[in-house]
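Visitor: Please work out how this folds:
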Amino acid sequence: MTQTDYLLVLASIIIGLAIAELLRGLGMFLRAGRDVQRYWIHSLTGINAFFFLIDFWWSMWGWRGVTGWTPLGLMVLIGGVTALYLLCHLWFPEQPDGVELRDYYYRQAPQLWLMVAVYMALALVAPSLVLGEAFELGQVLPSVGGLVIMLVLASTPKPVVHGVLVTVVTGVNLVFLFL
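Guide: Here you go, the predicted structure:
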């Protein structure tokens with residue numbers, strides 16, 4: 001086993017734990033039935049969390065040739081996947097009975113979207129810090145745009161803004177996931 005294999009297994013375990021958190025929340029959501037007032041933006045956020053996890057896991061294949069990992073490279077790898085785990089952990093309330101997911105979403109939105117912003121910021125610098133690739137403006141601009149969207153979602157409580165931007169994020173995730 002190479003050093004890269006060893007580190008990517010750790011990241012894969014954290015991704016698995018994050019997916020387990022999403023599934024736990026979904027199971028609680030289904031079990032609670034009518035006791036939970038659903039909210040479409042909250043649901044889309046969970047779907048996006050799953051997309052982010054799959055994208056991260058899929059992109060790790062590109063790191064298989066990395067040799068000579070540095071502590072900074074390890075922190076970028078583990079920091080990104082840890083931020084996604086926290087997003088999944090915070091996505092659904094511990095006790096769903098009687099919860100209005102609209103209210104819960106807006107209470108959690110700053111933390112949820114800040115975790116995505118951390119993930120995106122680390123993903124932005126990872127090619128340079130871990131793979132030794134030069135920044136290319138054409139590849140960096142979409143990531144910077146995504147990072148700005150996440151920071152807006154983390155900083156505003158306006159439902160219209162969340163409705164539009166979370167829908168845009170979902171659409172972009174679907175396009176990138178299936179292209």
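Visitor: Which parts of this structure are helices?
Guide: 3-32, 40-59, 71-90, 101-129, 137-155, 159-178 (DSSP state H).
Visitor: Which one of the ones you listed has the poorest average confidence?
Guide: Ranked by mean pLDDT, these bottom out at helix 137-155, with a mean of 89.
Visitor: sorry, back to before: go through the helices of the chain and name the closest to residue 65.
Guide: helix 3-32 (7.5 Å; Cβ to Cβ). Just so you know, the C-beta spots here come from the backbone N, C-alpha and C atoms, and that holds for glycine as well.
Visitor: Residues in contact with stretch 4-18: which ones?
Guide: Residues outside stretch 4-18 that contact it (Cβ atoms under 8 Å, 6 or more residues apart in numbering) are 49, 53, 56-57, 60, 63-67, 69, 74, 77-78, 81-82, 84-85, 87-89.
Visitor: 6 Å instead?
Guide: Identification of contacts with stretch 4-18 by Cβ atoms under 6 Å, 6 or more residues apart in numbering yields 53, 57, 60, 66, 77, 81, 84, 85, 88.
Visitor: ok, of those, which come out buried?
Guide: Neighbour counting with 16 or more other Cβ atoms under 10 Å marks 53, 57, 60, 66, 77, 81, 84, 85, 88 as buried within those.
Visitor: Just put those residues in TSV and tack on distance to residue 21.
Guide: Shown next, in TSV, are the buried ones among the contacts of stretch 4-18 (distance: Cβ to Cβ, whole Å):
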residue	distance to residue 21
53	10
57	15
60	19
66	27
77	19
81	13
84	10
85	7
88	4
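Visitor: tell me which of those residues is nearest to residue 134?
Guide: Using Cβ to Cβ, residue 66 comes nearest to residue 134 of the buried ones among the contacts of stretch 4-18, at 15.9 Å.
Visitor: measure the closest one to residue 49 for me?
Guide: Residue 66 is 26 Å from residue 49, where distance means Cβ to Cβ, to the nearest Å.
Visitor: repeat for residue 167
Guide: For residue 167 relative to residue 49 (Cβ to Cβ), the value is 15 Å.
Visitor: try residue 98
Guide: For residue 98, the distance to residue 49 equals 24 Å [Cβ to Cβ].
Visitor: The two - which one has more neighbours?
Guide: Neighbours were tallied for residue 98 and for residue 49 using other Cβ atoms under 10 Å; the higher tally belongs to residue 49 (25 against 10).
Visitor: List the residues that contact the more buried one.
Guide: Per Cβ under 6 Å, 6+ apart, neighbours of residue 49: 87, 88, 91.
Visitor: With distance to residue 121 as added columns, please give those residues in TSV.
Guide: Below are the contacts of residue 49 laid out as TSV (distance: Cβ to Cβ, whole Å):
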residue	distance to residue 121
87	14
88	18
91	20
